[in-house]
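Engineer: pasting the sequence and the predicted coordinates here, then a few questions.
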Amino acid sequence: MTYAVSRSLPKRWGATRAAFVSAAAGIAFMIAAGPVWAQDKKAAPAAPAAQQPAAKAGDAKKRTQWVKLCDTIKLHNRGKDAKKDDPPVEKQLCSTMFEAIESNTGQVIVSVGLQQIEGAPKQVLAVMVPLGVVIPGGVKLAVYSADQWAKAAKNETIELKDLKTADLKFAHCLPVGCTAEIQATDELVNLLKSNAGLAVLAIWANGNQFTVPVSLNGFADALTGKPIDNKEYQANRKQLMMQIRERQAKLLEKRKAEEMKNLPPPPPDAAKAVPLATDTPKKK
């Protein structure tokens, strides 16, 4: 697959999409650990996507689109030392996440999540993209330094060969999109912590390139900081979806009004051809 990164990714993306809002999404996948664990089907699912809590006044420099969520899940030991009657073990699952949602439709454009299960020696980086991308091509991440990110914002050419990259392979697809994963080594995590942004690259089935920029501002702080409150997170998510539904309703009303304006006028004799409701048939 051929990828090309040339001009300002944020500006080019803004031209192809009306607008998008950022939130965070739980990305469900398993991590290979010492004992092999399998999630209990009865355990609570990962927290759904939600809008980040509103920043307080004066926190403009601290605002970030990355959030950290933690939840307790139940896992079964599937390793060689496992016994059939072993009870499930509770583990903490934490995800440091970014999600871009299309503001007019509520569709997830892209989500990026770094996830770790308590006690597991390995982390996994997962990226979800919309359905319709070429599965064998996978997903490529191109990481920008602060200087490269600033140049891209000025619409200056950035060659892909000059960027640090990582290739992710698709693991599964759901109705909301397809998820590609890679083991997050210390080198990859440090790369994300010390740089300014990344581009998510994939190939659509029609051969066009899928490109979404993701700022890494706040990623390191979210990763090492305390998780946000799940209830507040879910409440903000619900509010975000309500706002999107209201926007959809207004757009539909506007579209209908425009269609009514464009309807051709009725013919001059149309009123004569249709009898009035008050007309009564004449007696013979």
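Structural biologist: On my side now, so go ahead. Numbers count the residues shown, from 1 in each chain.

Engineer: and Met128, what element?
Structural biologist: Taking DSSP states H and E as the criterion, Met128 maps to strand 123-129.

Engineer: check the one residue sitting closest to the centre of the chain and give its pLDDT.
Structural biologist: Closest residue to the average C-alpha location of the chain: Ser111 at 2.9 Å, with CA atoms, centre = their mean. pLDDT recorded at Ser111 is 93.

Engineer: wait, a strand at it?
Structural biologist: Yes - using DSSP: H, G, I helix; E, B strand; the rest coil, the assignment for Ser111 is a strand.

Engineer: do you have the helices of this protein handy? List them.
Structural biologist: 9-16, 146-153, 186-193, 219-224, 230-261, 270-273 (DSSP state H).

Engineer: packing partners of the fifth one?
Structural biologist: Applying 3 or more CB pairs under 8 Å, 6 or more residues apart in numbering; DSSP states H and E, one finds that helix 230-261 makes contact with strand 20-24, strand 50-51, strand 67-77. Every residue, glycine included, has its C-beta placed from N, CA and C.

Engineer: how about 6 Å then?
Structural biologist: strand 50-51 (3 or more CB pairs under 6 Å, 6 or more residues apart in numbering; DSSP states H and E).

Engineer: picking that back up, need the helices of the chain in a markdown table (columns: mean pLDDT and mean neighbour count).
Structural biologist: Formatted as a markdown table, these follow (pLDDT from 0 to 100; neighbours: other CB atoms under 10 Å):
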| stretch | mean pLDDT | mean neighbour count |
| --- | --- | --- |
| helix 9-16 | 36 | 15 |
| helix 146-153 | 93 | 17 |
| helix 186-193 | 96 | 15 |
| helix 219-224 | 94 | 18 |
| helix 230-261 | 83 | 13 |
| helix 270-273 | 59 | 9 |
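
Engineer: and of the ones you listed, who's closest to Trp66?
Structural biologist: Closest approach to Trp66 among the helices of the chain (CB to CB): helix 219-224, 4.1 Å.

Engineer: can you list contacts of the closest one?
Structural biologist: Surrounding helix 219-224, the residues in contact under the criterion CB atoms under 6 Å, 6 or more residues apart in numbering are 66-68, 96, 192-193.

Engineer: dump those residues to TSV, plus distance to Leu160.
Structural biologist: Output for the contacts of helix 219-224, formatted as TSV (distance: CB to CB, whole Å):
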residue	distance to Leu160
Trp66	24
Val67	29
Lys68	30
Thr96	26
Leu192	18
Lys193	22
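
Engineer: which of those sits closest to Gly207?
Structural biologist: Closest to Gly207, out of all of those and judged by CB to CB, is Leu192, at 29.3 Å.
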